[in-house]
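K.L.:
for reference, the sequence and a predicted model appear below.
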Amino acid sequence: MRATAERIELKSPEQIATMRAAGLVVAAALAAMRDAVAPGVSTGDLDAIARDMLKAAGATPSFLGYHGYPAVICASVNDKVVHGIPSAAEKLMEGDLISIDFGAIVDGWHGDSAISAQVGEIAADVAELSAACEASMWDGIAAARANGRLSDISNAVETSVRRAGRYGIVAGYGGHGIGTQMHMAPHILNYGRPGKGPRLTPGMALAIEPMITLGSRATEELDDGWTVRTVDGSWAAHWEHTVAILDDGPWVLTAEDGGRAELARRGVQLSATAA
């Protein structure tokens, strides 16, 4: 492992392989939680599923204890954008949209991913919001290629969202570097002009993480010191994947197929390392 002048951690192929192991734990747990989402299920129930899967995999949680955070997942429902604290008292209802954010550590290396899951049948505009957010994440990942610039990712996310509709792109929050820590340099905004910032270098690992709303981009933090919600009460969607930048293309470490299908739709070749 080494670092660039901007203190961005660069990983060896062996270290990226370990991050892939962490990423697969995250992918499996998120799939199990998505399958469990239903009216009457509590966000605390989903946290328990993640805890059980961490134990079965011999992995440890990225979130629990992070700056005092009290849970294994973040569960953010409807107008909550990110960092919602799960509880047994918070029951999901038909038509809700829940962001589930989860991270795992294997042998000291992190994986981090988030999905927005629908609870039963949801309103058409909410489904379109989530689809637009997910597509913008993949468009950002497609821009995460060696010799580009960091803001190429930001611009790809913003361009995708603007093309999809009149959505608020949450201000201030964004993606991040990841590796021996969950949050590392660089910070990745979900908007901005291309061609700016550090050069994308093989060995970088980034968590690309768009958050968009049906209304204003403005948010506020609740009194619990964690939960972020929209100021105007509009609903939000949140998607995230961890991606490694390699010489011959990206490798999405938290996607079961490594990102092959979605990257192919965008004309981007998956790194041969993922084969």
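P.N.:
That came in fine, so what should we check first? Residues are numbered from 1 along each chain as shown.
K.L.:
and the gap between Ile169 and Pro210?
P.N.:
7 Å (CB to CB, to the nearest Å). For glycine as for every other residue, the C-beta is placed from the backbone atoms N, C-alpha and C.
K.L.:
any common contacting residues for the two?
P.N.:
The contact sets of Ile169 and Pro210 overlap at Val157, Val161, Asn190 (CB atoms under 8 Å, 6 or more residues apart in numbering).
K.L.:
wait, doesn't the first one sit right on Trp138?
P.N.:
Right, the one you point to is Val157. No: at 9.6 Å, Val157 does not count as touching Trp138 under the criterion of CB atoms under 8 Å.
K.L.:
packing partners for the longest helix along the chain?
P.N.:
In the chain, assigned by DSSP state H, the helix with the most residues is helix 13-36. Other helices and strands packing on helix 13-36, by 3 or more CB pairs under 8 Å, 6 or more residues apart in numbering; DSSP states H and E, are helix 43-57, strand 97-106, strand 109-118, strand 241-246, strand 249-252.
K.L.:
between Ile169 and Pro210, which has more neighbouring residues?
P.N.:
Pro210 (32 against 21; other CB atoms under 10 Å).
K.L.:
in contact with the more buried one, which residues?
P.N.:
Counting by CB under 8 Å, 6+ apart, Pro210 has contacts Cys133, Ser136, Met137, Gly140, Val157, Val161, Ile169, Gly174, Asn190, His238, Trp239, Glu240.
K.L.:
and it, what pLDDT?
P.N.:
At Pro210, the model reports a pLDDT of 98.
K.L.:
His241 versus that one, what's the distance?
P.N.:
10 Å.
K.L.:
give the residues shared as contacts by the two.
P.N.:
Here Pro210 and His241 share the contacting residues Met137, scored by CB under 8 Å, 6+ apart.
K.L.:
how far does stretch 264-273 sit from its chain's centre?
P.N.:
19 Å (CA atoms, centre = their mean, to the nearest Å).
K.L.:
likewise for stretch 242-254?
P.N.:
14 Å.
K.L.:
can you map out the helices along the stretch 151-275 of the chain?
P.N.:
260-265 (DSSP state H, counting those that start in this stretch).
K.L.:
where in it is pLDDT low?
P.N.:
Nowhere does the stretch 151-275 of the chain drop to pLDDT under 70.
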